[in-house]
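Novice: Coordinates only, no sequence provided:
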């Protein structure tokens with residue numbers, strides 16, 4: 001865990017922010033490109049692995065010679081937004097066909113329905129803006145306390161997005177050989 005320095009510098013702000021939002025967003029991801037809920041789930045539903053993603057900003061992302069509250073808020077809210085696709089996913093597998101069901105999926109209907117944290121496609125992001133500034137305001141010198149309050153508020157805003165589940169239902173006609181069966185029809 002990084003401590004804020006005195007005087008505060010740009011990279012130190014980014015590093016401390018990573019302790020709050022980045023670490024939280026990358027934690028406990030169970031589904032991604034390397035671990036899908038079931039084999040029929042389309043790969044394009046995921047943007048990355050269960051290890052999450054690296055931070056995409058550096059101290060240089062906070063532009064200007066003087067560190068301003070508006071710049072800090074703008075840069076960190078935008079970066080928080082880039083993690084909002086790491087959120088809960090409700091994955092459902094629905095067997096639609098009544099005939100030919102064999103093996104592990106003999107009954108039609110919803111046979112898989114679970115919600116877990118996933119590294120979803122970037123199209124599943126939602127904007128984080130207007131986060132309570134925690135005292136990081138124009139005309140007020142930035143303090144360690146104010147910055148940490150703002151970071152905590154960003155983490156709270158991220159968590160609100162994280163718990164809002166995206167639901168994806170995949171329909172298959174029968175059995176657990178769905179892909180193989182349909183792929184082989186041309187060779188029969």
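Specialist: Structure received. Note that this is a predicted model, so its numbers are computed, not measured.
Novice: What does the pLDDT read for residue 123?
Specialist: The confidence metric pLDDT takes the value 97 at residue 123.
Novice: Residue 185 too?
Specialist: Looking at residue 185, the pLDDT reads 52.
Novice: Show me the longest helix that occurs in the chain.
Specialist: The longest helix of the chain (DSSP state H) is helix 144-162.
Novice: List the neighbours of it that are in contact with it.
Specialist: For helix 144-162, contacts defined as Cβ atoms under 8 Å, 6 or more residues apart in numbering pick out 4, 6, 8, 13, 16-17, 19-21, 24-25, 72-73, 76-77, 80, 83-84, 86-88, 117, 126, 128, 131-136, 140. Quick note: C-beta positions are derived from backbone N, CA and C, even for glycine.
Novice: what's near enough to touch the nearest residue in space to residue 86 that is not next to it in sequence?
Specialist: Leaving aside its chain neighbours, residue 86 sits nearest to residue 25 (4.8 Å; criterion: Cβ to Cβ, 6 or more residues apart in numbering). Neighbour list for residue 25: 52, 83, 86, 158, 162 [criterion: Cβ under 8 Å, 6+ apart].
Novice: For residue 25, give its distance to residue 164.
Specialist: For residue 25, the distance to residue 164 (Cβ to Cβ, to the nearest Å) stands at 14 Å.
Novice: which residue packs closest to residue 9, ignoring adjacent ones?
Specialist: According to Cβ to Cβ, 6+ apart, the nearest residue to residue 9 is residue 59 (6.7 Å).
Novice: Can you verify my assumption that the one you found contacts residue 16?
Specialist: No - between residue 59 and residue 16 no contact is recorded; they are 11.1 Å apart, counting by Cβ atoms under 8 Å.
Novice: Compare these two and say which is more crowded by neighbours.
Specialist: residue 16 (19 against 14; other Cβ atoms under 10 Å).
Novice: is it true that that one touches residue 3?
Specialist: Yes - here residue 16 reaches residue 3: they are 7.5 Å apart, a contact under Cβ under 8 Å.
Novice: need the strands for this structure, in chain order.
Specialist: 86-95, 109-119, 166-172 (DSSP state E).
Novice: residue ranges with poor pLDDT in this protein?
Specialist: 98-106, 175-188 (pLDDT under 70).
Novice: again, only this time at 80
Specialist: 1-2, 5-7, 97-107, 139-142, 174-188 (pLDDT under 80).
Novice: got the residue ranges for the helices in it?
Specialist: Using DSSP H, helices in the chain cover 10-17, 23-26, 69-81, 144-162, 178-184.
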